[in-house]
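Visitor: next comes the sequence, and after it the predicted model I'd like to discuss.
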Amino acid sequence: MNSQTNVQQPVIGSHRDDVEIAVIGAGIAGLICAEQLRQAGYRVVVVEKSRGFGGRAATKRVPNFRADHGIRYLERSGRLLPVLIDALRDRGVLEPWDVRFCRVTPEGMIEPETLRSSDVDPAQITRYIAPAGANAIGKFLAQDLTVWRSRRAISLTQAGDRWRVQLEAVADGVDAPLSLTARAVVVAVPAPQASELIATTETIAPEIKDAIAAVSYHPCISVMAGYSAELAEADRGWDALQFEGDRDLFWAGVESTKRDADRCCLTVHAAPEFARDQFDAPDLNAVGQALLDRLAQYFPALNDRRPEFLAVHRWRYAFTDQPFDRDCLSTRSSLPVVLGGDWCGTEQVETALRSGLAMAAAVAQAVEGRSLPTLSEVLDSLGSEGR
Ligand SMILES: Cc1cc2nc3c(=O)[nH]c(=O)nc-3n(C[C@H](O)[C@H](O)[C@H](O)COP(=O)(O)OP(=O)(O)OC[C@H]3O[C@@H](n4cnc5c(N)ncnc54)[C@H](O)[C@@H]3O)c2cc1C
């Protein structure tokens, strides 16, 4: 695979700051949309506020290790995810995860998942992870795209026959230009962030603004904790725990079962109620430790033990709570703004893919109506220029 990513720095005064289509947000929805449009021949630039690709397909480098603090794994469910999983497996990005997956019932019992789904073909519940870290998914999808990173889109204004997207540098050393003009804009960010952005333009109809304002998300607090290697051998009977109805915990996984590690690394995700209560707590490490203390009930070796490293990440927009009921939203004009992401449904990455493709179709319909490659054609062609 050609892992080279085309992270171009814009050049002042060049045509690069005037494109056909600007895509805001380099999560899975934005990247698949941008790549499909690029392969159809459109000139596309993706703008991303963070330093990485993939959005919530996120991996943090912690000392001597990588931990996935967003997407935990992918499953072959839905119509599009199996296509993505097969393509990523073929290119060595994903592998099956050999995991003892258990659920924790409201009575606090740990039950191996097979008890619940003994009638299900085990192949159907295979989970896939990226040994290099979940952010490898975004890197794969972005490899042929021009992505302007560390730039947040802060306003949209109509200027003649173009949209002007005003950008703000969110890291030191990000060069001008900090704006972009485009014939069409795709906004592929969580709905509340999309709301803020489109509030800056009068041109978008109030019905669209109202529809997006009605979408809501649950927050999450994710803890990554590293312990000495022998803890991995300690008796616990599970590698991943899915909590049902717990007020504090949503999920816990032994990250070091995903990739080679010289230590035991855990990732713990808080349940929405706990995350909401503690989101603005001044001492995040104390919040992280409280979640680990709760987990000790299911992993006694954690009792009275402090991690060698601890990182806590807050996701203000983690999981769709109230979704929008179509695959994307589009202004019907010759200068379209199209909006979408995983908030257009409840199936997470499957929804992000479906929405990304729907946004590309809506843009293509409004701008010259070029035909688009299918998802599998898009994925097959990725990186082919370097192969
Ligand atoms: C803790 C956690 C665990 C999860 N586990 C799973 C799982 O196991 N399986 C699963 O299917 N899904 C899981 N999900 C959900 C999954 O991650 C999302 O559904 C999916 O990644 C959403 O993709 P997206 O492209 O719609 O949005 P995002 O990934 O949020 O991408 C949006 C991007 O837009 C950028 N952005 C936002 N505002 C601006 C702006 N103004 N200017 C420029 N850039 C901007 C953001 O930085 C981000 O990169 C999990 C999520 C979390 C938080």
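Guide: Nice, thanks for sending it over.
Visitor: how is the protein partitioned into domains?
Guide: Under the assignment automatic domain parsing, the domains of the chain span 15-55+137-215+324-386, 95-129+217-321.
Visitor: lowest average confidence across these, which one?
Guide: When the domains of the chain are ranked by mean pLDDT, domain 95-129+217-321 comes last with a mean of 90.
Visitor: compute the first-to-last residue distance for it.
Guide: The first residue of domain 95-129+217-321 is 30 Å away from its last residue (C-alpha to C-alpha, to the nearest Å).
Visitor: do that domain and the ligand meet at all?
Guide: Yes: counting by C-beta under 6 Å from any ligand atom, the ligand is contacted by domain 95-129+217-321 at 220, 222, 269, 315, 318. Where you see a C-beta, it was placed from the backbone N, CA and C, and this is true even at glycine.
Visitor: related to what we said a few turns ago, deepest of the domains of the chain, which one?
Guide: By mean neighbour count, with neighbours taken as mean count of other C-beta atoms under 10 Å, domain 15-55+137-215+324-386 ranks first of the domains of the chain at a mean of 20.
Visitor: export the residues of domain 95-129+217-321 next to the ligand as a markdown table, with columns for distance to residue 206.
Guide: Compiled in a markdown table, those are given as follows (distance: C-beta to C-beta, whole Å):
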| residue | distance to residue 206 |
| --- | --- |
| 220 | 31 |
| 222 | 36 |
| 269 | 36 |
| 315 | 29 |
| 318 | 28 |
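Visitor: looking at those, which are in strands?
Guide: Counting by DSSP state E, these place 220, 222, 269, 315, 318 in strands.
Visitor: now the fourth one, nearest residue through space, not along the chain?
Guide: Excluding the flanking residues, the one nearest residue 315 by C-beta to C-beta, 6 or more residues apart in numbering is residue 220, at 4.4 Å.
Visitor: can you list phi and psi of the residue of the stretch 51-200 of the chain found nearest the ligand for me?
Guide: Closest residue of the stretch 51-200 of the chain to the ligand, C-beta to the nearest ligand atom: residue 55 (2.1 Å). Taking degrees, to the nearest 10, you get phi 60, psi -120 for the backbone angles of residue 55.
Visitor: for the one 4 residues further on, same thing?
Guide: Backbone torsions of residue 59, given as degrees, to the nearest 10, read phi -130, psi 130.
Visitor: was I right about it contacting residue 135?
Guide: Yes: look at residue 59 against residue 135 with C-beta atoms under 8 Å: they come within range, at 4.1 Å.
Visitor: and the helices in the stretch 251-387 of the chain?
Guide: Here the stretch 251-387 of the chain has its helices, by DSSP state H, counting those that start in this stretch, at 272-278, 284-295, 349-366, 375-381.
Visitor: got a list of what the spatially most central residue of the chain touches?
Guide: Geometric centre of the chain, nearest residue: residue 56, 2.6 Å, by C-alpha atoms, centre = their mean. The neighbours of residue 56, taking C-beta atoms under 8 Å, 6 or more residues apart in numbering as the test, are 27, 70-71, 315, 318.
Visitor: before we move on, what SS does it have?
Guide: Reduced to three states with DSSP: H, G, I helix; E, B strand; the rest coil, the structure at residue 56 is coil.
Visitor: the helix or strand harbouring residue 86 near the ligand at all?
Guide: Assigned by DSSP states H and E, residue 86 falls within helix 81-90. No: judged by C-beta under 6 Å from any ligand atom, helix 81-90 stays clear of the ligand, getting no closer than 7.5 Å.
Visitor: after that helix, which helix or strand is next?
Guide: Following helix 81-90 in sequence order, the next helix or strand is strand 95-96 (DSSP H and E).
Visitor: any idea which helix or strand comes after that following strand?
Guide: Once strand 95-96 ends, the next helix or strand along the chain (criterion: DSSP H and E) is strand 101-104.
Visitor: please report how far the closest residue to residue 41 other than its chain neighbours lies from residue 77.
Guide: Spatial nearest neighbour of residue 41, excluding adjacent residues (C-beta to C-beta, 6+ apart): residue 370 at 6.2 Å. Distance check for residue 370 against residue 77: by C-beta to C-beta, to the nearest Å, it reads 31 Å.
Visitor: excluding sequence neighbours, find me the nearest residue to residue 231.
Guide: Nearest residue to residue 231, sequence neighbours excluded (C-beta to C-beta, 6+ apart): residue 264, at 4.1 Å.
Visitor: and if you look at residue 106?
Guide: Nearest residue to residue 106 in three dimensions, chain neighbours excluded: residue 245, at 4.1 Å (C-beta to C-beta, 6+ apart).
Visitor: if we can go back for a sec, got phi/psi on the residue nearest to the centre of the chain?
Guide: phi -80, psi 0.
Visitor: can you check the one 5 residues further on too?
Guide: Listed backbone geometry of residue 61 is phi -90, psi 120, with angles given as degrees, to the nearest 10.
Visitor: what number of residues lie near it?
Guide: Using other C-beta atoms under 10 Å, residue 61 has 11 other residues around it.
Visitor: bridge partners for it, pull those for me.
Guide: Counting by DSSP bridges, residue 61 is bridged to residue 66.
Visitor: related to what we said a few turns ago, tell me the angle of the helix holding residue 86 relative to helix 349-366?
Guide: Here the directions of helix 81-90 and helix 349-366 differ by 100 degrees (axes from the mean of the first three to the mean of the last three C-alpha atoms, to 10 degrees).
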